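Novice: Quick one, fold the following:
(4 chains)
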Protein chains: 2
Amino acid sequence: MKVTIKDVAERAQVSVATVSRVLNQSKPVSPEIQDKVMRAVNELGFNPNPVARSLVMKKSLLIGVLIPNIANMFFSVLVRGLEEECYKQQYTTLLCNTNGEIDKELHYLNLMKDKYVDGVVILTSSLKEEHIQFFEENPIPVVFASQSNNGGGMFDCINIDDFQAAYDATSFLIKWGHKKIGLLSGPLTDMESGFSRYSGFRKALEEHNLDFYEKWFSEGTYDIYSGFLRGKEILSRKERPTAIFCASDTMAMGLIHAADEIGIRVPDEISVMGFDDIPMAEAFRPGLTTVRQPIFELGAKAAKMLMEQIQKKSNHKKQLKILPHEIVVRKSCLKLL
Amino acid sequence: MKVTIKDVAERAQVSVATVSRVLNQSKPVSPEIQDKVMRAVNELGFNPNPVARSLVMKKSLLIGVLIPNIANMFFSVLVRGLEEECYKQQYTTLLCNTNGEIDKELHYLNLMKDKYVDGVVILTSSLKEEHIQFFEENPIPVVFASQSNNGGGMFDCINIDDFQAAYDATSFLIKWGHKKIGLLSGPLTDMESGFSRYSGFRKALEEHNLDFYEKWFSEGTYDIYSGFLRGKEILSRKERPTAIFCASDTMAMGLIHAADEIGIRVPDEISVMGFDDIPMAEAFRPGLTTVRQPIFELGAKAAKMLMEQIQKKSNHKKQLKILPHEIVVRKSCLKLL
DNA sequence: TTGTACGCGTTATCAC
DNA sequence: GTGATAACGCGTACAA
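Specialist: Residues are numbered from 1 along each chain as shown, chains lettered A, B, ... in the order given. Below is the predicted model:
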């Protein structure tokens, strides 16, 4: 029923080896025979079985992708960039949700290895010993996206400068006259989007001799619901900050929702700054003042870096690529001066 | 370097056949030998090579998923449901973006077939002749999600009742006193979320002897930007409707954004109704009055239906499952009476 | 119950 | 240049 290389060989009256050679152009074949083979291929509508091919080549034209949560806009847009670039190069993405759990990450990493993926793109909260160990044992091309810790030059990485971005965002608020600023961060165990942004925030405060208020600080999980819950918490204290910086647009939206329920107007009574600039940040009312990451590009470039690594194979120079961020001013923040 | 079944066999002093048998429990093996084998397996940390296994079994523990656009909240949430259910059953999802293009769909479908996926879940704008032909030639278990046309009982389908849902939404607006109602639909070439909702809308109008106004009707593409553009178009006419029904929450958000830019207040000057009830619909200001689909559940159940189909293999009774929808009243619509 | 040997569909290594 | 044939790692008739 299924047409194999053997059928083609018979039809073209040559050996399977020859068929393989013309299909892969791995060895010179005389033009006449090449013709015969190609004709047979077309007539039979043959296409090589990728599974059999994988088994012998230890390749699959598959790119494994580890994602904490695909239903998070930041990740899904990034994945689009990733996927589009892969498609151009004939690769297909094997997408796996990890919930940020290292166990699941490892589970999928092992699966990917066994599936002979040609490379892996990892989105994880922080580089862990387990990751390092895995890739020491299994030298698979990999790039960590939205992550700056490259394990001391062990891995390719691509990210924005989270620290600086948070610093810039906070400085922006300060420049606009805010002195009592709250923070809704990600989990501080996330070294990048969690801790780095937290640190950038504190640094900006320090440099301007402003206090960091524990009571107006909370760790969320980037999603809208945590923004809502943490927002209610912070906003229902008897004293309120004049501005809150959120580590994701989604949390900012949740927080604004909370403010609305309590009856606090944004930005009149409190300013809210987001992070990411997801597509909805502009349509949201009030339009979110936020830090723009080139999300799609982050994904596309991660894919490109991976392709390069796959090509060069050995002696590949690992690099850490930092993409620019940008403050986008809309309506959710008020100028106090 | 890599441990194979052969290594295990040697270590356990049995044949590879025996090892295979205890691992797959395909044939009875004496308890003592079973022990020996399992010990060897654990000591060596053996796990079967899925590629080799696929080659011989024509199975892969892979579920192919066709998605128009993963960066669309409706789809990404649905995929989460899908993925979570698959994971429980040891399956991994091979996710592919199609942009709704039949060429890409077919491309990926062929790839999936060659990868020996155990089943496929398809999200597509409408069932086409090409789909039917493909599955006639390749009898792979499949379920169409968010789609009601099951090709006359050929396929498993799961969806809500799009027609009725749009009818209900429109009736709701009418009940609230709206008589001049606009429509921002999806592409009418989409039989379900496009045409069915359009039809439900018109039916409700007709039944209440209300006019359908071409000038307040536009076809969008579900995304936020098309909502914005079409919204500007509709709202800048010299006469305006009192309400607009949108075929997706995202478009509703884009439309509200447009209204805001023009200076039209929602819901005071115009009511906007969405569709889907994505997570952000509640946090959005004003909270979106919308039609809730059980999105996550849609994905999870689609997966379950597929699993069932995979198990039963032949003589599987195809079904069309309709999940309930529900009007969620929030703030984006005004009662005129 | 257990072992031998072949097949799955390719690519790669030999000879010729 | 071209053709046998041995891998790749596993499941499974068939024989024992």
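
Novice: residues contacting residue A:251?
Specialist: When contacts are counted by CB atoms under 8 Å, 6 or more residues apart in numbering or on different chains, residue A:251 touches A:184, A:220, A:222, A:223, A:224, A:226, A:227, A:230, A:231, A:274. Where C-beta positions appear, they are placed from N, C-alpha and C, glycine not excepted.

Novice: Please name the nearest non-neighbouring residue to the second one.
Specialist: What it means is residue A:220. residue A:226 (3.8 Å; CB to CB, 6 or more residues apart in numbering or on different chains).

Novice: OK, contacts around that neighbour?
Specialist: For residue A:226, counting by CB under 8 Å, 6+ apart, the contacting residues are A:220, A:251, A:254.

Novice: what do you get for residue A:171?
Specialist: Applying CB under 8 Å, 6+ apart as the definition, the contact partners of residue A:171 turn out to be A:204, A:208.

Novice: Distance check, it against residue A:200.
Specialist: Counting by CB to CB, to the nearest Å, the gap between residue A:171 and residue A:200 amounts to 9 Å.

Novice: State the distance from residue A:304 to chain B.
Specialist: With distances defined as CB to the nearest CB, to the nearest Å, the gap from residue A:304 to chain B amounts to 18 Å.

Novice: Looks like that residue contacts residue A:84 (just checking).
Specialist: No. Shown here, residue A:304 and residue A:84 do not form a contact pair, counting by CB atoms under 8 Å, at 11.1 Å.

Novice: The two: who's more crowded?
Specialist: When residue A:304 is set against residue A:84 and neighbours are counted by other CB atoms under 10 Å in any protein chain shown, the residue ahead is residue A:304, at 19 against 16.

Novice: quick one, what contacts the nearest residue to that one once chain neighbours are set aside?
Specialist: Residue nearest to residue A:304 in three dimensions, not counting chain neighbours: residue A:85, with 6.0 Å by CB to CB, 6+ apart. In this structure, residue A:85 makes contact with A:299, A:300, A:303, A:304, A:307, judged by CB under 8 Å, 6+ apart.

Novice: one more time with 7 Å
Specialist: Residues near residue A:85 by CB atoms under 7 Å, 6 or more residues apart in numbering or on different chains: A:300, A:303, A:304.

Novice: between the helix or strand hosting it and helix B:73-88, how big is the angle?
Specialist: Secondary structure here is read from DSSP states H and E; on that basis residue A:85 sits in helix A:73-88. Between helix A:73-88 and helix B:73-88, the angle comes out at 80 degrees (axes from the mean of the first three to the mean of the last three CA atoms, to 10 degrees).

Novice: Could you check how far helix A:73-88 is from the centre of its chain?
Specialist: Helix A:73-88 sits 8 Å away from the centroid of its parent chain (CA atoms, centre = their mean, to the nearest Å).

Novice: where does the residue nearest to residue A:304 land on pLDDT?
Specialist: In the prediction, the pLDDT value recorded for residue A:85 is 97.

Novice: which residues in the stretch 201-337 of chain A form strands?
Specialist: Secondary structure of the stretch 201-337 of chain A, counting by DSSP state E, counting those that start in this stretch: strands at A:217-219, A:243-246, A:271-273, A:290-292, A:320-323, A:326-328.

Novice: Surely residue A:168 and residue A:326 touch.
Specialist: No. With contact defined as CB atoms under 7 Å, residue A:168 does not count as touching residue A:326 (8.8 Å).

Novice: Please identify which of these two sits among more neighbours.
Specialist: Taking residue A:168 and residue A:326 together and counting by other CB under 10 Å, residue A:168 has the greater number of neighbours (16 against 13).

Novice: neighbours of the residue nearest to the more buried one when sequence neighbours are not counted, just the number please.
Specialist: The shortest distance from residue A:168 to any non-neighbouring residue, by CB to CB, 6+ apart, is to residue A:327 (6.1 Å). Per other CB under 10 Å, the neighbour tally for residue A:327 reads 15.

Novice: Could you do residue A:249 as well?
Specialist: The burial metric for residue A:249, expressed as a neighbour count using other CB under 10 Å, is 28.

Novice: which residues sit in contact with the residue nearest to it when sequence neighbours are not counted?
Specialist: When the adjacent residues along the chain are set aside, residue A:249 lies closest to residue A:274, with 3.9 Å between them (CB to CB, 6+ apart). With contacts defined as CB under 7 Å, 6+ apart, residue A:274 is in contact with A:246, A:248, A:249, A:252, A:281, A:288, A:290.

Novice: Swap in 6 Å and give it another go.
Specialist: Counting by CB atoms under 6 Å, 6 or more residues apart in numbering or on different chains, residue A:274 makes contact with A:246, A:249, A:252, A:288, A:290.

Novice: Does residue A:119 touch residue A:63 like I think?
Specialist: Yes. Using CB atoms under 6 Å as the test, residue A:119 is close enough to residue A:63 to be in contact (5.3 Å).

Novice: So for the two, which sits in the more crowded spot?
Specialist: Comparing residue A:119 with residue A:63 by neighbour count (other CB under 10 Å), the higher total belongs to residue A:63, at 26 against 22.

Novice: hang on, the more buried one in a strand?
Specialist: Yes. Counting by DSSP: H, G, I helix; E, B strand; the rest coil, residue A:63 falls inside a strand.

Novice: neighbouring contacts of stretch A:303-311?
Specialist: Applying CB under 6 Å, 6+ apart, the external contacts of stretch A:303-311 come out as A:82, A:85, A:86, A:89, A:118, A:119, A:141, A:143, A:156, A:316.

Novice: which residues sit in contact with residue A:331?
Specialist: Applying CB under 6 Å, 6+ apart, one finds that residue A:331 lies in contact with A:286, A:287.

Novice: Determine how far stretch A:186-199 lies from the middle of the whole chain.
Specialist: Per CA atoms, centre = their mean, the displacement of stretch A:186-199 from the mean C-alpha position of its chain is 15 Å.

Novice: average pLDDT across that stretch?
Specialist: 96.

Novice: and it, which residues are buried?
Specialist: In terms of neighbour count (16 or more other CB atoms under 10 Å in any protein chain shown), stretch A:186-199 has its buried residues at A:186, A:187, A:190, A:191, A:192, A:193, A:194, A:195, A:196, A:197, A:198, A:199.
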